[in-house]
Structures are given as C-alpha cells and as structure tokens.
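Engineer: Give me coordinates for this.
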Amino acid sequence: MKQLKIGLLGLGQVGSGVYSILNSKGTELARKCGTRLLISKIAVRNTSKRRLVAPKRSLITTSALSIVRDPELDVVVELIGGIHPAKELILAALRSGKDVVTANKALLAEHGRDLFREAQRCGRTLLFEASVGGGIPIIKATREGLAANRIRSIHSIINGTSNYVLTKMASSHVDFKEALSMAQKKGYAEANPKLDLEGIDSAHKLTLLSSLVFGGWVRFQDVFVTGISSIRSEDVSFAEEFGYTIKLLAIAKKTRSGIEAHVRPTLLPKSHVLSNVNGSYNAILMHGDEVGDILFYGRGAGSLPTGSAVVSDLIDLARMKREGLKLPAPLHLNRLHVRNVSVLESRFYLRFHVVDQPGVLARISRILGGRHVSISDVIQKERKIGGVVPLILLTHKAPERSVLRAVQAIDRLSIAKGKTQVFWIEES
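Structural biologist: Numbering: from 1, shown residues only. Modelled structure (predicted):
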C-alpha cells in the first residue's frame, strides 16, 4: 500500500489531536483513501514538555526547518500557529516540493494571498479546512457540495470563547468579567483571550470564508471588527426585554455595490436559528441562490474536532496523489471591493445613561431626527444610579454613519453620562 509521509510542525492541542486520530485509526483511514497516512517526523520547541500524546522519541526533532526540507516527506502539516516563523516554514515547504496542510487562520487571513500564489507557482496544494469552524467541514462543503450555488450571504458564530461568555451572561445573569472567568475555568478561554473577545479571531475566519464563497480575495484589514468586552449585563437584559439575544456575529454579504464584511455584537430575534447556538458551539448560516438557507453547526475548536479537519485534508491529498489528480486553486486571488461599514444600513440598539430630568428623551429624539434616524421602541428605566438612569432606544433602519454622528452629538450633551452603547440589529 502507498504511503503519504507527513511532517508535523507542532504537537500542541491540535497537533496532538491529529497524532491521536492517525495513531488510533490508521488502518481504517488507509482503507478509506487507499494510502497509509504516516507521521514520519514531528517538530516541537521543547522536547521535555508534558503532552497529551507520547510519540516515539525517534520521531521528535526541534528543527522545523529540517522537516520542511526533508526530501523523503510528501506533506507538511503546520500547526504551530502565529505569523512567524509559520509563514517562512510554509513557503520553504512549498518551494521544497511539498504540499501543505494548515489550521493557521491568522496567517492565511493576513498573508494567504501570497501563500496561495506561491503554492500555484510551485505547483503544490495548500489546504486549510481546519482554519475555519474547527470540526465543521465548511471549506469542503462550500467548495464541493455548494458549487452549483452563488452564495449571497454568511451569518456566523465562529468563535467559541466569545459565544460561551455571552451565553453565560444571558443564562446566569452575570457580568462580562464573571462570565469570562467561567470560560477560563472551563478551558474555553486563554489566559489572554484578546483575539477571541475583540473579534479578531472571527474576522480572520470570516476573511477566509468570504474569500472562498464570493470568488475573490477579501482583505483582512477591510473587515470591520468590534468585540464583546464593552457589553454589560444590563445590555443583555434590555435586549431580552425587546425579544432579542446578543451574539458576536461575523457577517458577509455580496451586493451590487461590493462585499459587506463585519464582525460585531449583534441583536438577533430569539426566533432566529443562530440565537439558539449556545456555549462553545459554532454555527455558519449561508444563503445560496439554489439551496436557500443552509446551516452548519458543531464544535468550532478543540483537539479532536480540529484534528479531524486536518486529517480530512490529508485524506484528500492521499486520494489525489493516488489517482494522479490535482485540486484546482481553492481561492480566486483577485481583490474584492469591501464596502465601508459607515454606508451600511441597519436598525440599531442604543443604550444611553442620562440624568433623570424632564425633556431628556425629547432632546435625544431631536438630534436623532436631525440625522434622519427615527425611533421604533423605547425603554426608560426608573432605577437611578447616582441620579443617572438608563434609556434604551431601538431605531428604524438608517445608515450607520448617521447613527454614529447623532450619538457623538448626544454624548457631548450635559444630560449624557458616559459613552453610549451602540449595537447592530440583524433581523434576517
């Protein structure tokens, strides 16, 4: 039986998952793809570190470069993460005639255009199923199962840490810090979870997913990003009173004017399918012109779910090599125009903290009306904190820049105390 000789860079959480799957299911996987998937070398930074798996010492090296240059290997699996030296190692592997599998969404989102071009130049394949959605097979499903469709929109929850925090804020009625502490105790959040909580991880994934489905390259720096760290427990409660749930949504749409791509806390109706995606789970809702709405749901991270996605890429490579085939380039690299979010229209949730005196709502309404922003719903609470009360407004659809300019003017008034909270409302 043929062999696919694999060089594994990194034996952390995902690397351990890949090793575990290949080690425990080697015979079964060989039957499925007609090739034995053999890990021949593993690069680690620290050979004495305790790990989830225990490969033979003869497989281990501290020199990642020796693996990418090894002429005996067929494919390099990059699982060390980060930008450097991962980028240089992938380029070296491609130039050494090796195919590459990676789960590195940050690297691909920020430098993927260069890497995919180099893969094409070298006649090699760069696969990345594990980079979006963890164990959810979204790349393969989009590239193959939905190939007959023009995808019109993506609405997704693609970061388990932020989703767990928001779920706990809603279900346990706790503030952001306490919910984050719960996530860290469960192992769902890193000691420094900034990339997750500030929406950057979701934006990396949205960059890749929208580039895949919209037929061109969406630049990461063109994706608007806002995280969840400013959300208060009162926002969760007020949203619930209006019949909404707050989720960190990664949204992309294809319009005649260009691509819309943004990551932000968003109010969703409780009846919306994504409102019921809780805990650390991920979900991706797409709308295709032929299939209509289609939902992908599952664990978006973790050793075995993400390892499963890496192994699926290895199986694809083994089958291609066995049959003498090559996958077409997974992405078109022509740059797509991404619309500035300031011109996008939506309904908005506005939470003001204002002094408790007559005429406050009228003054705020006049400023909003002067920017052609009309109010659809109001909640004004009587409870006072130091003479200040919360005032919550929902608007009708309006351009984002009009809403933000009105809010900036309101925040300068003496009646306003603190910065106004502004959230997007997504009805569809």
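Engineer: per-domain residue ranges of this protein.
Structural biologist: Taking automatic domain parsing as the criterion, the chain consists of the domains 2-134+303-323, 138-299, 343-425.
Engineer: Tell me which of these lies nearest to Pro330.
Structural biologist: Shortest separation from Pro330 across the domains of the chain is recorded for domain 138-299, at 6.2 Å, computed as C-beta to C-beta. Placement of C-beta: from N, CA and C, glycine included.
Engineer: And that closest one, end to end?
Structural biologist: In domain 138-299, first residue to last residue: 12 Å (C-alpha to C-alpha, to the nearest Å).
Engineer: For that domain, what does the pLDDT average out to?
Structural biologist: What domain 138-299 shows for mean pLDDT is 97.
Engineer: Stretch 340-347 now?
Structural biologist: For stretch 340-347, the per-residue pLDDT averages 97.
Engineer: got the CA positions of that stretch in PDB?
Structural biologist: Output of stretch 340-347 as PDB, limited to C-alpha atoms (Å, rounded to 0.1, in the frame of the first residue of the first chain):
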ATOM      1  CA  ASN A 340     -17.200  50.900   4.200                       C
ATOM      2  CA  VAL A 341     -19.500  50.000   7.100                       C
ATOM      3  CA  SER A 342     -20.400  53.600   7.600                       C
ATOM      4  CA  VAL A 343     -22.600  53.500   4.500                       C
ATOM      5  CA  LEU A 344     -24.400  50.200   5.500                       C
ATOM      6  CA  GLU A 345     -28.000  50.500   6.800                       C
ATOM      7  CA  SER A 346     -29.500  48.600   9.700                       C
ATOM      8  CA  ARG A 347     -31.600  49.000  12.800                       C
END
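Engineer: buried set for it?
Structural biologist: By neighbour count with 16 or more other C-beta atoms under 10 Å, stretch 340-347 contains the buried residues Val341, Leu344, Ser346, Arg347.
Engineer: How far does that stretch sit from its chain's centre?
Structural biologist: For stretch 340-347, the distance from its own C-alpha centre to the chain's C-alpha centre is 21 Å (C-alpha atoms, centre = their mean, to the nearest Å).
Engineer: For the host helix or strand of Ala239, give me every contacting residue.
Structural biologist: Secondary structure from DSSP states H and E places Ala239 in helix 233-241. The set of residues external to helix 233-241 that reach it, using C-beta atoms under 8 Å, 6 or more residues apart in numbering, is 166, 169-170, 173-176, 245-246, 267, 349, 351, 379, 390, 392, 421, 423.
Engineer: what comes up buried for that helix?
Structural biologist: Of the residues in helix 233-241, those buried by neighbour count under the rule 16+ other C-beta under 10 Å are Ser233, Asp235, Val236, Phe238, Ala239.
Engineer: repeat for stretch 419-428
Structural biologist: In terms of neighbour count (16+ other C-beta under 10 Å), stretch 419-428 has its buried residues at Thr420, Gln421, Val422, Phe423, Trp424, Ile425, Glu426.
Engineer: Looking at these, which is nearest Val101?
Structural biologist: Glu426 (34.0 Å).
Engineer: Contact partners for the nearest residue to Ser257 once chain neighbours are set aside?
Structural biologist: Nearest residue to Ser257, sequence neighbours excluded (C-beta to C-beta, 6 or more residues apart in numbering): Arg339, at 5.9 Å. Residues touching Arg339, when contacts are defined by C-beta under 8 Å, 6+ apart, comprise Thr255, Ser257, Gly258, Ile259, Glu260.
Engineer: quick one, phi psi at Arg339?
Structural biologist: With angles defined as degrees, to the nearest 10, Arg339 sits at phi -70, psi 140.
Engineer: and it, how far is that from Leu212?
Structural biologist: Arg339 sits 19 Å away from Leu212 when distances are taken as C-beta to C-beta, to the nearest Å.
Engineer: same thing with Leu94?
Structural biologist: On the measure of C-beta to C-beta, Leu94 and Leu212 end up 20 Å apart.
Engineer: Likewise for Arg405?
Structural biologist: With distances defined as C-beta to C-beta, the gap from Arg405 to Leu212 amounts to 35 Å.
Engineer: if I read this right, Arg322 contacts Cys33, doesn't it?
Structural biologist: Yes: if you go by C-beta atoms under 8 Å, Arg322 and Cys33 touch, sitting 7.1 Å apart.
Engineer: of these two, who's got more company?
Structural biologist: Neighbour comparison, Arg322 and Cys33: the larger count goes to Cys33, with 19 against 14 (by other C-beta atoms under 10 Å).
Engineer: contacting residues around that one?
Structural biologist: Taking C-beta under 8 Å, 6+ apart as the contact definition, Cys33 lies against Ile315, Ala318, Arg319, Arg322.
Engineer: Setting aside sequence neighbours, what's the nearest residue to Ala252?
Structural biologist: What sits nearest to Ala252 in space, not counting adjacent residues and going by C-beta to C-beta, 6+ apart, is Ser210, at 3.9 Å.
Engineer: check contacts around that neighbour.
Structural biologist: For Ser210, the contacting residues are Ile154, Val218, Ala252, Ile259, Ala261, by C-beta under 8 Å, 6+ apart.
Engineer: In the stretch 101-250 of the chain, mark out all the helices, start to finish.
Structural biologist: Secondary structure of the stretch 101-250 of the chain by DSSP state H, counting those that start in this stretch: the helices cover 105-122, 138-140, 160-171, 176-186, 194-197, 200-213, 233-241.
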